[in-house]
Each structure stands twice: as C-alpha cells, then as structure tokens.
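# All I have is the shape, not the residue letters:
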C-alpha cells in the first residue's frame, strides 16, 4: 500500500521507512536502566544510570537526559556526537547536572545531580543514540526531607483547658496521630494545618485541646508510609506553668524592672548635679574679695568685716581640701 501526498511525497516516505525500521534498529541497539526508581534526601547528590549496547567509538555517541514528569518536559543534560550542548539545558539543572563521561567507555550513561531539591522529583528519560540507531528508558527520582525535631508548646486558653501543639517540617506530607496515656486515639479532636517553606518543605502544625486538671499523658506522632518517624509526649498537668500564665508575662515583668532601674538612676544623677551646683554657688560667695581699707578705715573695722564672713566658707574650704 502506498501513501502519496502532493508536494510532500519524500517526507512521507521517510516517515514510513522510520516506522518500519525502528523495531529492527531497537533490536540492534538497546538501552537498559540500572535502577527503575531512586530515592534521595534533599541537599544530597545522586547518580541516575542507564546502560547501552557496545559501540566502536564515542565520537558518534549522543546522550540526552530529560525530565518528562511533571510537565513541561525540560532538558537536564545533552551530549551530541561527543560534544556537550547546553543550548537546551534548563537553568534549574545547568549548574547541578553532569554526565560522568569516563563511564561512557563502560557503556554507561550516568547522570550526576548535585544539591538535590524537592522539585527535582519526577520521571527522567535516558536517551542514547549511536549514529542512526537509538533507544531510551525511564527512571523515577523521589527527593525527600527528614522531619525536624518536634517543637512542643503548651498554651492556656481558659480556666479549664490548655492547648497542646506539635510542630515539625519535612517532605512529603505526614500523617498525624494523637493518643492519650491509655492509647486512645484522639485524631477526631485535633486541628492540623500545613504550609510550604522556601525550600518546598511542608511545615505541619497540629493542635489538641485537653482539660488542664485531668492527669494524663498525650502523645503526638508523625507517620510516613505507615511508620512512626517523630513523636513527642506531654505530661498534664505537670507541664502547665504554676501560675497558668504565658511566658510573655515574664518578659513584661523584666521590662518593668529595667524601666524602674533607669528611672532611679536618672533621679540620683539629677540630685548629684543639683548638689554640685549649690556647693559651687556657695564657694563663689566665699571667694568675694574683702573691701580695700581706706585711709580712714581703722583696724577695728577690718576685724569686724572679717568676723561677718559666713561660717559656711570655712566648711566649703575644708571640703575642698579633703577632696
């Protein structure tokens, strides 16, 4: 059967030939994955590998690694006939993706990804071509982040109840379970919320309201794939502050004490300055010169003037000598 299109007969024949010959080519040149699925932690490095049929020389060898899921497709690394081509490489991978070219001699196309991010997760395609022959396979990568230590908080909301909260972050999203000292599940009573961080981690905050005067233990647990990864236990009422107040009151009290100390110091300094000023004025009065005697002035009058000098002058002079 012949398919003829006016003006494009040659192109149509080429497509028909490729479709007919591709199974035969694939049978001659094969690509196989070293592992179908990979898992690694954030900020770590990983090697994704595939093997290909033996070739005579690497000069005509082309290796293309692409991430095809999630959409849109992006180029991760491209080696075309022995030469690196970054013209199509995504900026996300340009500085973090490298093909280990020494392993090409062992018929291995190994892609090395460094400083992994959560968004690196997905399906990758390994395409290897040699001349006119080629084949490809897919591998999956799952980037995770271990959950951080749980931050516990006990907050009084009223006279009879307190709020217990557990907070942690990681990836992927965990399952949160609360239970009491009798291992009774309290999941229906909890209030949990999530938000994404700058690194695409999931911050989980889970809260539970309990009676403050009921002696019991309460445990929050974070599960991943059915396995408990993090737990924290509250002992009530032991972990409730004795006065039932928040730590904010402690800070308020500290601020008040500091302000009182500053005010007291200001008053003392002000009193000292006023005292020094008073003594300085009195000293000035004492230092006024005696009137010069006139020819008519007799010795008795001079003695009378000296006797009328204020007594404080001698005291001030003595204080100066002591200083």
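Noted; the coordinates are in hand. Quick caveat, the model's predicted, so the values are computed rather than measured.

# quick one: low-confidence ranges for this protein?
Confidence mapping of the chain against pLDDT under 70 gives the ranges 1-27, 242-253, 275-323.

# and with 90 instead?
Applying pLDDT under 90 to the chain flags the ranges 1-28, 56-60, 82, 131-132, 156-160, 187-188, 212-214, 225-226, 240-323.

# Longest strand of it, counting residues only.
strand 133-144 (DSSP state E).

# Within the sheet, what are the partner strands of that strand, with directions?
strand 37-41 (parallel), strand 122-130 (antiparallel) (DSSP bridges).

# what's the nearest residue to residue 185 if we skip its chain neighbours?
Leaving aside its sequence neighbours, residue 185 sits nearest to residue 179 (C-beta to C-beta, 6 or more residues apart in numbering; 5.6 Å). Every C-beta, even on glycine, is put in place using the N, C-alpha and C of the backbone.

# Quick check: that neighbour is in a strand.
Yes: counting by DSSP: H, G, I helix; E, B strand; the rest coil, residue 179 falls inside a strand.

# Pretty sure it sits against residue 216.
No: Residue 179 lies out of contact with residue 216 (C-beta atoms under 8 Å); the separation is 10.5 Å.

# shared neighbours of these two, anything?
Common contact partners of residue 179 and residue 216 (C-beta atoms under 8 Å, 6 or more residues apart in numbering): none.

# ok, back up a step: hmm, who's touching the longest strand of the chain?
Contact with strand 133-144 is made by 25-26, 28-33, 35-42, 46, 48, 50, 52, 62, 68, 113, 116-128, 170-172, as judged by C-beta under 8 Å, 6+ apart.

# Buried residues in that strand, which are they?
Neighbour-count burial for strand 133-144, counted by 16 or more other C-beta atoms under 10 Å, picks out 133, 134, 135, 136, 137, 139, 140, 141, 143, 144.

# Please apply the same query to stretch 72-87.
Quick answer for stretch 72-87 (16+ other C-beta under 10 Å): 74, 75, 76, 77, 78, 79.

# so the fourth one makes contact with residue 99?
Yes: applying C-beta under 8 Å as the test, residue 77 and residue 99 come out as touching, 5.2 Å apart.

# what secondary structure does residue 199 sit in?
Residue 199 ends up coil, using three-state DSSP.

# That one: how many residues sit nearby?
For residue 199, the number of neighbouring residues by other C-beta atoms under 10 Å comes to 13.

# try residue 40
Residue 40 has 18 neighbouring residues, counting by other C-beta under 10 Å.

# Would you mind measuring from it to residue 135?
26 Å (C-beta to C-beta, to the nearest Å).

# The protein: helices as residue ranges?
9-28, 247-286, 299-307, 312-322 (DSSP state H).

# any shared contact partners between residue 77 and residue 99?
Joint contacts of residue 77 and residue 99 (C-beta under 8 Å, 6+ apart) are 63, 65, 111.

# distance of the second one from residue 72?
In this structure, residue 65 lies at 16 Å from residue 72, with C-beta to C-beta as the measure.

# any idea how far residue 221 is from residue 172?
Computed as C-beta to C-beta, the residue 172 to residue 221 distance reads 16 Å.

# Mind checking which of those two has more residues around it?
Neighbours per residue (other C-beta under 10 Å) separate residue 172 from residue 221, with residue 221 holding more: 19 against 14.

# Surely the more buried one and residue 183 touch.
No: with contact defined as C-beta under 8 Å, residue 221 does not count as touching residue 183 (11.2 Å).

# Run a quick neighbour tally on residue 97.
For residue 97, the count of nearby residues is 22 (other C-beta under 10 Å).

# how far away is it from residue 140?
17 Å.

# what's the answer for residue 192, then?
For residue 192 relative to residue 140 (C-beta to C-beta), the value is 29 Å.

# Now residue 170: closest residue in space, sequence neighbours ignored.
Residue nearest to residue 170 in three dimensions, not counting chain neighbours: residue 147, with 3.3 Å by C-beta to C-beta, 6+ apart.

# what sits against the one you found?
With contacts defined as C-beta under 8 Å, 6+ apart, the neighbours of residue 147 are 168, 169, 170, 174, 222, 224, 229, 230.

# Which one of those residues is nearest to residue 196?
Within the contacts of residue 147, distances to residue 196 taken as C-beta to C-beta reach their minimum at residue 169, with 9.5 Å.

# tell me how far stretch 267-277 is from the chain's mean position?
52 Å (C-alpha atoms, centre = their mean, to the nearest Å).

# can you check stretch 229-237 too?
24 Å.

# With respect to residue 201, which of the shared contacts of residue 77 and residue 99 is nearest?
Nearest member of the shared contacts of residue 77 and residue 99 to residue 201, counting by C-beta to C-beta, is residue 111, at 24.7 Å.

# What is the burial count for that closest one?
Neighbours of residue 111 using other C-beta under 10 Å come to 22.

# now swap in residue 102 and tell me
Residues lying near residue 102 (other C-beta under 10 Å) number 9.

# Can you tell me how far it is from residue 265?
From residue 102 to residue 265 the distance is 73 Å (C-beta to C-beta).
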